[in-house]
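Got a sequence here, can you build the structure:
(chains A and B)
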Amino acid sequence: GEDVEQSLFLSVREGDSSVINCTYTDSSSTYLYWYKQEPGAGLQLLTYIFSNMDMKQDQRLTVLLNKKDKHLSLRIADTQTGDSAIYFCAESSVSGGYNKLIFGAGTRLAVHP
Amino acid sequence: DSGVTQTPKHLITATGQRVTLRCSPRSGDLSVYWYQQSLDQGLQFLIQYYNGEERAKGNILERFSAQQFPDLHSELNLSSLELGDSALYFCASSVRLVGELFFGEGSRLTVL
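This is a model prediction of the structure:
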């Protein structure tokens, strides 16, 4: 079946690195995604990684993928108060030839001074 | 602004009632997805439409139904509402298959 799990809370100090972890179950997932939800807003794509990649870096964001363990992580360097939000991990699942995303419950990141 | 429009933004109604949530996808996007976000269940996939046809179904209750119209907008109908249906309902759209979903700002439903 399809299931995505992530820890619910993470608290970090401003300027430190944040690491948000996620595990997924669908080994056929082609893409894995990280979405960000700010208060009162919809989800916004932060970054994604193709399943044949181990790592992707985009400015302050680094995504690591361990396909063997079905583990995905998002590292945010130099975390700022503006990074406070809920971060969702998602795996793509193909059903009937069409793609749907299965989301984790979201990790609430709190950045404090 | 993602380009996905959802109405209404907020809705308060009573148990047993029926409501309709509306979604206009981004221009050119053929696929529409509905998700339910609640505190205890996280973000749950409900249903997906592609160019007017239902393509994938998730944890959608029988009391809920959806459709996508020829102009590609979509409606999610929730009937015989219960207190537990109170949640944020998101619509998302995408051009086609694998790729990025663009989310609307959600419709917050409160059932009293």
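
Quick check: neighbours of the longest strand belonging to chain A in the sheet, parallel or antiparallel?
Of all segments of type strand in chain A, defined using DSSP state E, the longest is strand A:85-95. The pairing partners recorded for strand A:85-95 under DSSP bridges are strand A:31-37 (antiparallel), strand A:98-103 (antiparallel), strand A:107-112 (antiparallel).

List the buried residues in that strand.
Neighbour counts over strand A:85-95 (16 or more other Cβ atoms under 10 Å in any protein chain shown) mark A:85-93 as buried. Using the backbone N, CA and C atoms, a C-beta is placed for each residue, glycine as well.

Return the member of the strands paired with strand A:85-95 having the minimum mean pLDDT.
Sorting these by mean pLDDT places strand A:98-103 lowest, at a mean of 77.

Could you find the closest non-adjacent residue to the residue sitting nearest the centre point of chain B?
The geometric centre of chain B, computed from its C-alpha atoms, lies nearest to B:W34 (Cα atoms, centre = their mean), at 3.4 Å. Spatial nearest neighbour of B:W34, excluding adjacent residues (Cβ to Cβ, 6 or more residues apart in numbering or on different chains): B:L46 at 4.2 Å.

Wasn't the one you found part of a strand?
Yes - B:L46 forms part of a strand when assessed by DSSP: H, G, I helix; E, B strand; the rest coil.

what's the burial count for it?
By the other Cβ atoms under 10 Å in any protein chain shown criterion, the neighbourhood of B:L46 contains 20 residues.

Could you do B:G104 as well?
27.

want to throw the strands paired with strand A:85-95 into JSON lines with mean neighbour count?
Putting the strands paired with strand A:85-95 into JSON lines (neighbours: other Cβ atoms under 10 Å in any protein chain shown) gives the following:
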{"stretch": "strand A:31-37", "mean neighbour count": "22"}
{"stretch": "strand A:98-103", "mean neighbour count": "22"}
{"stretch": "strand A:107-112", "mean neighbour count": "17"}
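
who wins for proximity to B:T5 among these?
When the strands paired with strand A:85-95 are compared by Cβ to Cβ, strand A:31-37 sits nearest B:T5, at 17.8 Å.

Thanks a lot, see you next time.
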